[in-house]
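Student: Curious how this folds, go ahead:
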Amino acid sequence: MSKQLTFDEVKIAHFKKLELYVPVVERVHGGHHPEFHEVRKLYDEINKKINEAGAGKPELNEEFTRLREITDNYTVPGDVCESYEAVYNMLAEIDKAYND
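Tutor: Predicted structure coming up:
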């Protein structure tokens, strides 16, 4: 059984990749999946709040609630690339670690 990562560990593990993936996925898939534009805005807000909080834990409940609504609990559409899927999986893992 694998150990559940903490929010700080997940931040370190995923935010560098998300910085690269999110803009590309938005550019490639935003036309067919306009909801991803909102995902991008929420990701940017989460990233901003995390950076502003420094070592503290930012208030992100509203952003994660909205992400779950927009993405249907991070359900990956059937017609997207692996990068799109990776973004949803990383966001879901960050959400879970934040709320644990």
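Student: Using the three-state scheme, assign His32.
Tutor: Look at His32: counting by DSSP: H, G, I helix; E, B strand; the rest coil, its state is coil.
Student: That one: neighbour count?
Tutor: Applying other CB atoms under 10 Å, we find 10 residues neighbouring His32. All C-beta spots, glycine's among them, are computed from the backbone N, C-alpha and C.
Student: How about the one 4 residues further on?
Tutor: One way to gauge burial is a neighbour count; for Phe36, by other CB under 10 Å, it gives 25.
Student: quick one, what contacts His32?
Tutor: For His32, the contacting residues are Asp79, by CB atoms under 8 Å, 6 or more residues apart in numbering.
Student: can you list contacts of the helix ranked longest in the chain?
Tutor: Looking across the chain with DSSP state H, the single longest helix is helix 7-29. Residues from elsewhere that reach helix 7-29, judged by CB under 8 Å, 6+ apart: 5, 36-37, 39-40, 43, 47, 50, 57, 80-81, 83-84, 86-87, 90-91, 93-94, 97-98, 100.
Student: Against Asn61, how distant is the residue most central in space within the chain?
Tutor: Residue closest to the average C-alpha location in the chain (CA atoms, centre = their mean): Leu91, at 2.8 Å. To Asn61, Leu91 is 15 Å away according to CB to CB, to the nearest Å.
Student: swap in Tyr84?
Tutor: From Tyr84 to Asn61 the distance is 25 Å (CB to CB).
Student: The two: who's more crowded?
Tutor: Taking neighbours as other CB under 10 Å, Tyr84 and Asn61 compare with Tyr84 leading, 22 against 10.
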